[in-house]
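Visitor: coordinates for the following, if possible.
(2 chains)
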There are 2 protein chains.
Amino acid sequence: MQKNKCYEGEQRIYQITSSFLNGKTKFGIFLPPAALQGEQCSTLFYLAGLTCTEETFAIKAHAQRLAAQLNLILITPDTSPRGDDVAQGDHWDIGQGASFYINATQAPWKAHYQMESYLIDELYTLIQTEFPAHPDQIGIMGHSMGGHGALTLAFKYPEKFKSVSAFAPICEPSQCPWGEKAFSNYLGNDQSVWKSHDATALIRQKGMLFKDILIDQGLDDQFLSQLHPDQFEQACEAAQQPLSLRKHAGYDHGYYFIQSFMDDHLQFHAVQLEHA
Amino acid sequence: MQKNKCYEGEQRIYQITSSFLNGKTKFGIFLPPAALQGEQCSTLFYLAGLTCTEETFAIKAHAQRLAAQLNLILITPDTSPRGDDVAQGDHWDIGQGASFYINATQAPWKAHYQMESYLIDELYTLIQTEFPAHPDQIGIMGHSMGGHGALTLAFKYPEKFKSVSAFAPICEPSQCPWGEKAFSNYLGNDQSVWKSHDATALIRQKGMLFKDILIDQGLDDQFLSQLHPDQFEQACEAAQQPLSLRKHAGYDHGYYFIQSFMDDHLQFHAVQLEHA
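Guide: Residues are numbered from 1 along each chain as shown, chains lettered A, B, ... in the order given. Here you go, the predicted structure:
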């Protein structure tokens, strides 16, 4: 375990063995001062984007200062299974660093790429047994591929996640090149299966589940054509799912954008979880 | 030039040709919103530590949020000359990434390692001609090797730097292994020359020059034995140089420590420079 004191809390990195991922995996956790003293705290999962690791958020997202003030625990899993025995992709948008947070059904991926089960049935439980995470106050957020992960997991497991937000999420992966490549590899070519892992399709199917959803999107995002925020907005309107979709002139897809609006997301979750 | 919008300001990386470094070099600059609108702003140089680059601060120090609010321009030079024709060291504590911010007089270093002249006679001027830096409100700070750089340059050029602070600085390089290795390589074995590049010796020689100096030091710093904050404190006392040396239980040498106290340093400089 790596441990660094930070804003009177602790930023830690753990390595654990995951039965679902069939190997070792790492996750980051920021424990605010209150959590170090054993106080139950609201907890946020953050799912990172393509190529990132469990450490990216801790270094680049600039969230610890306010999380320490708001008594928020921050959990950052890796973006995929890792290791020499884990299938590699042909490019950074597939394979290691690019799990899309789903359970693969296709070879060679299915042997390790069981990220949905790892997150929901393994890490989620571990966080509650090993750390003072308030069981009724757990939210989820993410960026890009991780924004897709946050939105889909929130709509698949609303009993587990009481608040959800995203930065520049892949809102409709079944209709964009990144998602088409990932889903056809991990899930096969039956596109009806893809729909249950597509936030825009899920909202249409499940209807309103959250009081609000916060999404920030930069308008100079170099990957905007992959993200489809407007389709997601239309689906939310049709489902009467409240959505705060904020578009920001001049901001791109990276962590300088994310850090600029991180405080708003932490505040959003703190308020939603307090009233959960 | 790389440019990313950040807190309504811009984080940029420039590459320039330096006559003193005898080659290309990069620096980072954060321009707060006021500077983008042409308003003259207080400006802070930040000198990074061993192995870092011009980008480390921008990613890891978490300074942009408050700098945007305080209208501070932040300048982050690289930690040494770079390139295939630039002498390499045998380890990460010497050579590229480890200039110690001085002018080397010894071969093979002297061909490129002229960081003091680059900073003072080249970059300092460029910042004032190309950006809206208020000429009378420029301060300097740094970390570890860069803390040594900040303290020594402030005491060498008090007409240029009106405020100074440091995180875990190498306070007495002529008396610690890192400094002894660097100074003997870059300056040769005449230790009387070393004294003019040693903050503790400089304070003894020059006396009180600043209203205050802010230094933060973690007490779990894995390199504490190299840093000699107590010797620096004694020299300040003898010179009647006010010093705010804060020691923090549990904090180590890295950027999780730096980010925890970054806001205090920005506030410190903003106040000092406003009254400069």
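Visitor: C-alpha from now on. contacts and neighbour counts both.
Guide: Will do.
Visitor: tell me who's in contact with the residue in the stretch 151-276 of chain A that chain B sits nearest to.
Guide: With C-alpha to the nearest C-alpha, the shortest gap between the stretch 151-276 of chain A and chain B falls at residue A:260, namely 4.7 Å. Neighbouring residues of residue A:260 by C-alpha atoms under 8 Å, 6 or more residues apart in numbering or on different chains: B:6-8, B:65.
Visitor: can you tell me the SS state at it?
Guide: helix (DSSP: H, G, I helix; E, B strand; the rest coil).
Visitor: could you check the pLDDT of it?
Guide: You'll see residue A:260 listed with a pLDDT of 98.
Visitor: and residue A:130, by the same measure?
Guide: Value for residue A:130, per-residue pLDDT: 98.
Visitor: that one and residue A:29: what is the separation?
Guide: Distance, residue A:130 to residue A:29, using C-alpha to C-alpha, to the nearest Å: 11 Å.
Visitor: do the same with residue A:78
Guide: Residue A:78 is 11 Å from residue A:29, by C-alpha to C-alpha.
Visitor: number of residues surrounding the closest residue to residue A:14 other than its chain neighbours?
Guide: What sits nearest to residue A:14 in space, not counting adjacent residues and going by C-alpha to C-alpha, 6 or more residues apart in numbering or on different chains, is residue A:1, at 4.8 Å. Close neighbours of residue A:1, defined as other C-alpha atoms under 10 Å in any protein chain shown, add up to 9.
Visitor: residue A:1 contacts residue A:13, correct?
Guide: Yes: at 5.6 Å, residue A:1 counts as touching residue A:13 under the criterion of C-alpha atoms under 8 Å.
Visitor: between those two, which contacts overlap?
Guide: By C-alpha under 8 Å, 6+ apart, no residue touches both residue A:1 and residue A:13.
Visitor: quick one on the thing from earlier: quick check on the contacts of residue A:260: which are buried?
Guide: Those of these that meet the buried threshold are B:6-8, B:65, by 16 or more other C-alpha atoms under 10 Å in any protein chain shown.
Visitor: how far does stretch A:249-267 sit from its chain's centre?
Guide: Distance of stretch A:249-267 from the chain centroid (C-alpha atoms, centre = their mean, to the nearest Å) equals 15 Å.
Visitor: buried residues in that stretch?
Guide: Buried, per 16+ other C-alpha under 10 Å, within stretch A:249-267: A:251-263, A:265-266.
Visitor: state the pair within those residues that is farthest apart.
Guide: Taking C-alpha to C-alpha, the two most distant members of those are A:252 and A:266; they sit 20.3 Å apart.
Visitor: for the closest residue to chain B within the stretch 1-150 of chain A, which non-adjacent residue is spatially closest?
Guide: Per C-alpha to the nearest C-alpha, residue A:7 is where the stretch 1-150 of chain A lies closest to chain B, at 4.7 Å. Nearest residue to residue A:7, sequence neighbours excluded (C-alpha to C-alpha, 6+ apart): residue B:260, at 4.7 Å.
Visitor: neighbour-wise, which of residue A:130 and residue A:29 wins?
Guide: The neighbour count for residue A:130 versus residue A:29, taken as other C-alpha under 10 Å, is higher for residue A:29 (24 against 8).
Visitor: which pLDDT does the model give that one?
Guide: For residue A:29, pLDDT reads 98.
Visitor: looking at this, it is in a helix?
Guide: No: Residue A:29 is assigned strand when assessed by three-state DSSP, not a helix.
Visitor: for it, which non-adjacent residue is closest in space?
Guide: Nearest to residue A:29 is residue A:75, by C-alpha to C-alpha, 6+ apart, at 4.6 Å.
Visitor: ok, residue A:45 - contacts?
Guide: Residue A:45 is in contact with A:74-77, A:138-142, counting by C-alpha under 8 Å, 6+ apart.
Visitor: how about 7 Å then?
Guide: Neighbouring residues of residue A:45 by C-alpha atoms under 7 Å, 6 or more residues apart in numbering or on different chains: A:74-76, A:139-141.
Visitor: on the three-state scheme, it is what?
Guide: strand.
Visitor: show me what it is bridged to.
Guide: residue A:75, residue A:140 (DSSP bridges).
Visitor: how close does it get to residue A:209?
Guide: Distance from residue A:45 to residue A:209, by C-alpha to C-alpha: 18 Å.
Visitor: can you check residue A:32 too?
Guide: From residue A:32 to residue A:209 the distance is 29 Å (C-alpha to C-alpha).
Visitor: those two: who's more crowded?
Guide: Using other C-alpha under 10 Å as the criterion, residue A:32 and residue A:209 rank with residue A:32 on top: 28 against 18.
Visitor: can you give me the distance of the more buried one to residue A:262?
Guide: 16 Å.
Visitor: now residue A:126
Guide: To residue A:262, residue A:126 is 26 Å away according to C-alpha to C-alpha.
Visitor: residues contacting the residue nearest the centre of chain A?
Guide: Closest to where the C-alpha atoms of chain A average out (C-alpha atoms, centre = their mean) is residue A:47, at 2.6 Å. Shown in contact with residue A:47 (C-alpha under 7 Å, 6+ apart): A:76-77, A:141-143, A:146-147, A:149-150.
Visitor: if anything else comes up later, I'll come back, but that's it for now.
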